[in-house]
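A.B. asks: quick one, what's the 3D model for this:
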Amino acid sequence: MPRFCMRTFSLLLVSAFFATSAGATDNCADDAMIVFDGSGSMAEMGFNDINEPRIFEARQAISKTVPEIAENRRLGLVIYGPKGVDECSGLDVRFLPMANAAKPVIDAVDNLEPGGSTPLTDAVKLAADALDYENRPAAIVLVTDGKETCGGQPCMLATRLANEGLDTTVHVIGFKVRGSFFSWDRDRDNDYNVSESVARCLADRTGGTYTSAETLDQLIAALRDTLGCHFLF
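C.D. replies: Now for the predicted structure:
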């Protein structure tokens, strides 16, 4: 093969290698919003086959992953659930994407006292608006333990974000999601202990990922996969 062709071929191989190796690194340095479930169910345990409140491991996962992620990415935070004037008004944009956000994120989650219901649809919309999703690429990672309980329609929002957003991606991490314990159709639907969040369509319709996490290690891996930059050489 002529020298020029060999050189061109080599450059193509190198480019393909980095494109493949980077994987999740596409746009991984763009601003991102974490939408964190602070609803009352994050503190529940007992009949849900959960030995300790979900918030315990969620705090550990955030403390483990966010410092390394924040080195390469500006992060913002929305928390939903507690401190509303009623069950569904607890929506709080703690801060917009900022550099070196590890301490503010960790402090906010560590000091969180779960409460209220689950307005996850409105929370994701708040995060999208904070990222100016109609005019800029928007990356959102939703950590939730399951249901929308405040009348929101996550699938309708997903379609809106996909159609109106410049490049909006929502990743959903379903953490210890449980089915309806007393549901009449419990046997017909997903098994109680391996249910999926209704918010899955937010990921499916925006090109994001849906990840089920049952353990601390799985939650850590999911946060790294959705927010982190994976440089392989």
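A.B. asks: wasn't residue 140 part of a strand?
C.D. replies: Yes. Counting by DSSP: H, G, I helix; E, B strand; the rest coil, residue 140 falls inside a strand.
A.B. asks: quick one: it and residue 35 touch, right?
C.D. replies: Yes. If you go by CB atoms under 8 Å, residue 140 and residue 35 touch, sitting 6.1 Å apart. Using the backbone N, CA and C atoms, a C-beta is placed for each residue, glycine as well.
A.B. asks: which neighbours do those two share?
C.D. replies: Both residue 140 and residue 35 are contacted by 124, 127, under the criterion CB atoms under 8 Å, 6 or more residues apart in numbering.
A.B. asks: next up, the contacts around residue 201.
C.D. replies: Residues near residue 201 by CB under 8 Å, 6+ apart: 154, 155, 158.
A.B. asks: need the pLDDT of the second one.
C.D. replies: Spelled out, it's residue 155. We have a pLDDT of 96 for residue 155.
A.B. asks: quick one: secondary structure of it?
C.D. replies: Assigned with three-state DSSP, residue 155 falls in the helix class.
A.B. asks: how far away is it from residue 209?
C.D. replies: Going from residue 155 to residue 209 by CB to CB, to the nearest Å gives 17 Å.
A.B. asks: any chance you could map the strands in the chain?
C.D. replies: Ranges of strands within the chain are 32-37, 75-80, 91-98, 137-144, 167-175, 210-213, based on DSSP state E.
A.B. asks: residue 76 contacts residue 104, correct?
C.D. replies: No. Between residue 76 and residue 104 there is no contact under CB under 8 Å: 9.4 Å.
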